[in-house]
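K.L.:
here's a sequence, model it:
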Amino acid sequence: MAAINWGLLAKSLVDNETVEEAIARLIAEHNEDETAHLGTGQSLQSHKASEIIDHVVDSIIADKIREREIGVTKLRRDRFLVECFFESLDGYNIFLDGLAELVPDLAYLFMTTGPNGGGFAGVGAGNDTFDWAKNPESEVSLKINQTTLQDATWGIGGNGVGDIVPTGECAIFWLKNNLLYARTQTTGGDDETYIADVDVTIPHIYRIKITSGEKVEYFIDDVLVVTHDDYLGTGTEGNMFFFQIRNGEAEAKEMIVFWANFIQDW
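P.N.:
I've put the predicted structure just below:
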């Protein structure tokens, strides 16, 4: 008997299943088949056998990697890198005023202004290899024990330490009487942006990233909080990182710096 057609779709005389239903059934069976595409030359087998799996650039993010899964043998230092943990203060630029003190420790650097008003403590790391044109980047982990009636700054660049807001070109985080700002100073002018909802009395990781000739980005705990489209210098003058604290009343103010690092292109 000749096949019966319904529209343009052939129908069986012995099976009430329609073509659409058959397609849906076959798709479901395929989805439930755990061996699908594992045959030689098929997509999953080729994926498993590939020496390099080509993901989109920057598509692998940290939360996909289990903690403590990457050993040091898997890391490569392909840029100039300085890491500091303050076992001592040899080689640092230091400024102290009043009864301020610096106490290096195996786990942190303790900075205090002392109990008299106007106390000042500053630490900076300058190096001849610093270069604004090589995408410098600085990161520090710290906390501040008191936040009122004081100034505190930490960042990259500037002409030495001793001025709570450094002279010269620099990019800094600036705590002014309990308010936190990102400030970029250039020869062409300054940008300053308020950063809300940051409790500086608990440890955070503060990072400043310079894209030479383009912009300055400010991160807190790996979250981008401020971008300034400013061009910072072409010279080699400045701190790889610095941290400073000054009190405005007769009460000791304190900063604890856990570690700091600096990185730039060769």
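
K.L.:
what ranges of this protein fall below the confidence cut-off?
P.N.:
Within the chain, the ranges that satisfy pLDDT under 70 run 1-13.

K.L.:
how is it partitioned into domains?
P.N.:
4-49, 80-264 (automatic domain parsing).

K.L.:
measure the longest one end to end?
P.N.:
Terminal residues of domain 80-264 lie 5 Å apart, using CA to CA, to the nearest Å.

K.L.:
show me where the protein has helices.
P.N.:
19-31, 43-49 (DSSP state H).

K.L.:
other SSEs contacting the longest one?
P.N.:
Okay, so that is helix 19-31. Secondary-structure packing of helix 19-31 (3 or more CB pairs under 8 Å, 6 or more residues apart in numbering; DSSP states H and E): strand 9-11. In this view, the C-beta of every residue, glycine as well, is placed from N, C-alpha and C.

K.L.:
right, and the domains of the chain - which one's nearest Lys64?
P.N.:
domain 80-264 (14.7 Å; CB to CB).

K.L.:
what does stretch 204-211 contact?
P.N.:
132, 135-143, 154-156, 171-173, 198, 216-222, 232 (CB atoms under 8 Å, 6 or more residues apart in numbering).

K.L.:
and those, which of them are in strands?
P.N.:
Among the contacts of stretch 204-211, the residues falling in strands (DSSP state E) are 137-143, 154-156, 171-173, 216-220.

K.L.:
okay if I get the helices of the chain as CSV plus distance to Gly162 and mean neighbour count?
P.N.:
Formatted as CSV, the helices of the chain follow (distance: least, CB to CB, whole Å; neighbours: other CB atoms under 10 Å):
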stretch, distance to Gly162, mean neighbour count
helix 19-31, 68, 11
helix 43-49, 59, 11
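
K.L.:
check the burial of Asp63 by counting its neighbours.
P.N.:
By the criterion of other CB atoms under 10 Å, Asp63 has 5 neighbours.

K.L.:
tell me the contacts of it?
P.N.:
No residues are in contact with Asp63 under the rule CB under 8 Å, 6+ apart.

K.L.:
quick one: it from Asp222, how far?
P.N.:
Between Asp63 and Asp222 the computed distance is 11 Å (CB to CB, to the nearest Å).

K.L.:
so which bits of stretch 187-205 are buried?
P.N.:
Neighbour-count burial for stretch 187-205 flags 191, 195, 198, 200, 204 (criterion: 16 or more other CB atoms under 10 Å).

K.L.:
can you give the distance of it from its chain's centre?
P.N.:
14 Å (CA atoms, centre = their mean, to the nearest Å).

K.L.:
measure stretch 189-208 end to end?
P.N.:
With CA to CA, one end of stretch 189-208 sits 18 Å from the other.

K.L.:
before we move on, the earlier item: deepest of the domains of the chain, which one?
P.N.:
Counting by mean count of other CB atoms under 10 Å, domain 80-264 has the highest mean neighbour count of the domains of the chain, with a mean of 18.

K.L.:
what about the buried residues of stretch 187-205, which are in strands?
P.N.:
191, 195, 204.

K.L.:
in a markdown table, list the residues you listed along with distance to Glu29.
P.N.:
Shown next, in a markdown table, are those (distance: CB to CB, whole Å):
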| residue | distance to Glu29 |
| --- | --- |
| Asp191 | 61 |
| Ile195 | 56 |
| His204 | 53 |
